[in-house]
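Colleague: A structural model of the following input is requested.
(2 chains)
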Amino acid sequence: MKRLHARYPFLEGAREAVATEAVDLATIVEQDGAVVDRARERVLSSLEDGETGEPSRDSRVELLSYPVARVLVSLVAERMLIRKYARAEAEAAFDRFTADFTDTTELKSVESSGVDLEDLLAEFDLVDAVHPIGDVDDPDGYRIDVGAYLPLSSDLWGDEWLLVNRALADGRVPISEAELLTLVREAVRERVEDGLPFDVPESIAESLEPEAQAVREVLADLDLTREIDTVVPDLFPPCMKALLDDIQKGEHLPHHSRFAITSFLTSIGMETDEIVDLYRVNSSFGEEMTRYQTDHIRGDTSPTDYSPPSCATMQSYGDCVNKDDLCERIPHPMAYYENRIDDADDDDLEDWREGNAEDEEADA
Amino acid sequence: MDWQSTDAIEKIVSHSSADTALEHGDTLEPVRNRPVETPCLWITRASIRKRLYARTPDCRGRMEERTRAYLRGRFRDHYRRTEITPPPSANEREWGYIPWTEGPKTTMVRHRSLLELGSIEDFLERKRPQHVYFSVGRYRDPGASSMTEKEWRTSDLVFDLDADHLPRVTLGEHSYAEMLATCKEALFRLLDFLEDDFGFEDLEIVFSGGRGYHVHVRDEAVQHLEREHRREIVDYVRGIGLDYEELIETETVAGLGRKTPTQRRHLAIDGGWGRRTHRHFMAFIDEILALEEADALERLQSFDGIGEGKARATLNAARTNREELEAGNVTVHTAVSQLAERFASMAVERDNAPIDEPVTTDTNRLIRLPGSLHGGSALETRRIDRGDLEAFDPLVDAVPETFTGHEITVTVTRGGEVELGGDIFTVPEGDQSLPEYVAMFLMARGRAEKEKE
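Modeller: Model prediction:
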């Protein structure tokens, strides 16, 4: 059991195993260097290469390092860290359980360190929501209840996960086996992320301060905003140019259009204040609404940060206008802008924000 | 508990700029992520909503006190003789209402729990409000004044079809009856999605008493869904983000004999938009099969990008390979695939239900109580049995019985045609005697005043 829990430390059973270890976290953090080292590696690896590092050969150390890693993540409490950490833990679990499923050499026994699909579905309360198609022992894909599908797929990238592109019938979404495993991975990710960050008692925080500092440093070094951070309205895709134009003219845009332009602007690195300034050309643009919406899209007031809509979505809303040649070759307004920025000579790019700052100085 | 106590008044949110929205709104948008005490946000959001309603031609003017008194009195008479079935878990929901008030300023009383209201029927008889709402959400403490303190648990999944938002309706060109008829068509399309695709079983269909219909879905399986999950449902019903390529399933078919395995592409026809696309596509195929060759070719060439060659290939495929097409095989010919893709966007145009997105995604929305009277029309917010929907005529069936069978005298300030209770009344301006439900409707809409005693 110990090995099983060490390999899958997010399982309910593992949590209980930790509890029955009867040592409190404070003592471990203070005295058990091996556990703390492994916890630190879990977190740092998640930032550096999206993995959780080499497991300890000592099952006890491996198991206990998981709750300590969660404490460490909570201490730093950065949204990006939490996401990356949870994703890495889920990836590690995914690799292990897919290996377990194909590994037929080990006979299942009480002391087994492997899991099967049924165990995982039961763990995440999905047994009643997932229905095999055809032969139960060798199913030809699955159907999953839409109520379970939506939360599990909501963070997955790609149009194929959108419900609108699914053959939904009678409340069930057909999925392949590979897709089911991806959804289980998402269930793991959600489980890991759940409750993070939590409040850490002072004494534990102190003991873990050096590790927390190490995590903060790696976090600072990572360019987490790899995305474009250049604002050149002349190079915006035609759809965004048109929407920005409308706002500046003081026209009242429908919600989806406003969402499209605002999420586009946040995605190219603009801050709420800057967006407000850019919109301000006309006085009736609704500053309060812009602030609220921008903060929401940026994820400051909501758990999700929203990406701008794709070309397909823009088209379906009627926001896709003045298409040009480049539009034909790209699937997303962001791709359009990236293309244009890449093509342009860096020296020729004048960031709107710099010009704007000068104006303000001139006004002052 | 006394309604007029200071405690009650503290909970009142006043927002004069939102009068139009509130008088016509069938659902109300609560403030999220911030306590309601922050009035600026409320006003901002409400005024945005007001803009949505700005197109409404019949904005109400001031109402004379005697008219208001009459309406209030008759609302009470109606509530006295009407039995109201509250929504399930009524005590876990937030309740809100808009009293009849003087002037254009509208006051909404909200954040009430059923515990505070007492029984719904007593409350309605006592307060006879202009509008009454309950939350789609269930909370641990529904009477708390902020969403955080309320502690959200679950929410019904609700849909709002509002004639104002229908693409096929032009205000001023279409009458109230026509708008509602178009709305009902959209409702049937919506129910197709909800019943067939989503397989929902616990549905409550409601005529709002104003300009549209609501559907409350209470299936256990969707109660826990959060905002972004509900947005996926909205996008599904509206066909937003549909990508034809994603509807295509690719299957590797083992080659026979010495042949290498080949890829077979076919449309997913067992559900979703693939099934809808396929239905429209097959209807079209059968349509061209029924035509003379020359007509069929001409019909095919009416599509952009389909020339004579592709038209011939498609017609040929339809004639020789109809079963394959029926099975969703679109690899029969590139022309066929190209054509099928057109039918994906056509399916969206024809089948999508133009629901009001913010209503469905909002897990804290307040929505009009079925069985109550709509203060902007004096019509009843009516639950409709699924089996009765086909025959349901809102302008007959939502006329409250209390207001039928006798006439009253009113002064009409804005006349015109009124279609109600199965008749069309051409109402001139000035003093006249009208069936009470017509008079109530005109008074509620601000188009008539009770005559001076």
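Colleague: low pLDDT regions in the stretch 201-350 of chain A?
Modeller: Low-confidence segments of the stretch 201-350 of chain A (pLDDT under 70): A:223-228, A:281-286, A:299-306.
Colleague: ok, now the stretch 351-453 of chain B?
Modeller: B:453.
Colleague: just say helix, strand or coil for residue B:409.
Modeller: What DSSP: H, G, I helix; E, B strand; the rest coil gives for residue B:409 is strand.
Colleague: who does it form a beta bridge with?
Modeller: Residue B:409 forms beta bridges with residue B:433, as assigned by DSSP bridges.
Colleague: if I look at it, how far off is chain A?
Modeller: Per Cβ to the nearest Cβ, to the nearest Å, residue B:409 is found 43 Å from chain A. (Each C-beta comes from the backbone N, C-alpha and C, glycine too.)
Colleague: what sits against that residue?
Modeller: Shown in contact with residue B:409 (Cβ atoms under 8 Å, 6 or more residues apart in numbering or on different chains): B:431-434, B:451.
Colleague: host element of the closest residue to residue A:94 other than its chain neighbours?
Modeller: Spatial nearest neighbour of residue A:94, chain neighbours left out: residue A:185 (4.2 Å); criterion: Cβ to Cβ, 6 or more residues apart in numbering or on different chains. Following DSSP states H and E, one finds residue A:185 within helix A:177-193.
Colleague: quick check: the residue nearest to residue A:94 touching residue A:96?
Modeller: No: judged on Cβ atoms under 8 Å, residue A:185 makes no contact with residue A:96 at a distance of 10.8 Å.
Colleague: more neighbours: these two, which one.
Modeller: Legend: neighbour count by other Cβ atoms under 10 Å in any protein chain shown for residue A:185 and residue A:96, higher for residue A:185 (22 against 16).
Colleague: what about residue A:312, is that helix, strand or coil?
Modeller: Residue A:312 - assigned by three-state DSSP - is helix.
Colleague: am I right that it is in contact with residue A:159?
Modeller: Yes: under the criterion of Cβ under 8 Å, residue A:312 makes contact with residue A:159 at 7.3 Å.
Colleague: okay, domains of chain A per the record?
Modeller: Following automatic domain parsing, one finds the domains of chain A at A:2-100+A:196-222, A:105-191, A:226-363.
Colleague: let me know the average pLDDT across the shortest one.
Modeller: Averaging pLDDT along domain A:105-191 gives 89.
Colleague: quick check: longest helix of chain A.
Modeller: The helix spanning the most residues in chain A, taking DSSP state H as the definition, is helix A:79-102.
Colleague: skip ahead from that helix and say which helix or strand is next.
Modeller: Counting by DSSP H and E, the element after helix A:79-102 in chain order, helix or strand, is helix A:117-123.
Colleague: and the closest residue to chain A within the stretch 351-453 of chain B, how far is that from residue B:180?
Modeller: The nearest approach of the stretch 351-453 of chain B to chain A comes at residue B:358, 6.9 Å away (Cβ to the nearest Cβ). Distance of residue B:358 to residue B:180, given as Cβ to Cβ, to the nearest Å: 22 Å.
Colleague: more neighbours, the two?
Modeller: Counted by other Cβ under 10 Å, residue B:358 and residue B:180 do not tie: residue B:180 has more neighbours, with 24 against 16.
Colleague: now that one: which helix or strand?
Modeller: helix B:176-192.
Colleague: again, but for residue B:280
Modeller: Per DSSP H and E: helix B:272-289 holds residue B:280.
Colleague: next, the contact list for residue A:36, please.
Modeller: Contact partners of residue A:36, counting by Cβ under 8 Å, 6+ apart, are A:28-29, A:65, A:68, A:208, A:211.
Colleague: check the secondary structure at it for me.
Modeller: Using three-state DSSP, the structure places residue A:36 in helix.
Colleague: confidence score at it?
Modeller: The model's pLDDT for residue A:36 equals 94.
Colleague: can you check residue A:354 too?
Modeller: 75.
Colleague: and the gap between it and residue A:270?
Modeller: Separation of residue A:354 from residue A:270 (Cβ to Cβ): 13 Å.
Colleague: of these two, who's got more company?
Modeller: Using other Cβ under 10 Å as the criterion, residue A:354 and residue A:270 rank with residue A:270 on top: 21 against 11.
Colleague: who in the stretch 151-300 of chain B is up against chain A?
Modeller: Counting by Cβ under 8 Å from any Cβ of the partner chain, the stretch 151-300 of chain B comes close to chain A at B:196-200, B:219, B:221-222, B:224-226, B:228-229, B:232-233, B:235-236, B:238-243, B:246-247, B:268-275.
Colleague: please repeat the previous calculation with a cut-off of 7 Å.
Modeller: Neighbours of chain A within the stretch 151-300 of chain B, by Cβ under 7 Å from any Cβ of the partner chain: B:197-199, B:221-222, B:225, B:228-229, B:232-233, B:235-236, B:239-243, B:246-247, B:268, B:270-275.
Colleague: which among these end up buried?
Modeller: Among these, the ones that count as buried by 16 or more other Cβ atoms under 10 Å in any protein chain shown are B:197-199, B:221-222, B:225, B:228-229, B:232-233, B:235-236, B:239-243, B:246-247, B:268, B:270-275.
Colleague: all helices of the stretch 351-453 of chain B, in order?
Modeller: With DSSP state H, counting those that start in this stretch as the criterion, the stretch 351-453 of chain B has helices at B:357-361, B:394-397, B:436-444.
Colleague: so what secondary structure elements neighbour the last one?
Modeller: Think helix B:436-444. helix B:65-80, strand B:407-412, strand B:416-420, strand B:448-450 (3 or more Cβ pairs under 7 Å, 6 or more residues apart in numbering or on different chains; DSSP states H and E).
Colleague: winner for burial among the ones you listed?
Modeller: strand B:448-450 (a mean of 23; mean count of other Cβ atoms under 10 Å in any protein chain shown).
Colleague: circling back: which residues are common contacts for residue A:312 and residue A:159?
Modeller: B:241, B:243 (Cβ atoms under 7 Å, 6 or more residues apart in numbering or on different chains).
Colleague: quick one: residue A:212 from residue B:289, how far?
Modeller: Separation of residue A:212 from residue B:289 (Cβ to Cβ): 72 Å.
Colleague: so for these two, which sits in the more crowded spot?
Modeller: Neighbour comparison, residue A:212 and residue B:289: the larger count goes to residue A:212, with 22 against 12 (by other Cβ under 10 Å).
Colleague: spatially nearest residue to that one, not counting backbone neighbours?
Modeller: Distance criterion Cβ to Cβ, 6+ apart; nearest residue to residue A:212, sequence neighbours excluded, is residue A:75 at 4.4 Å.
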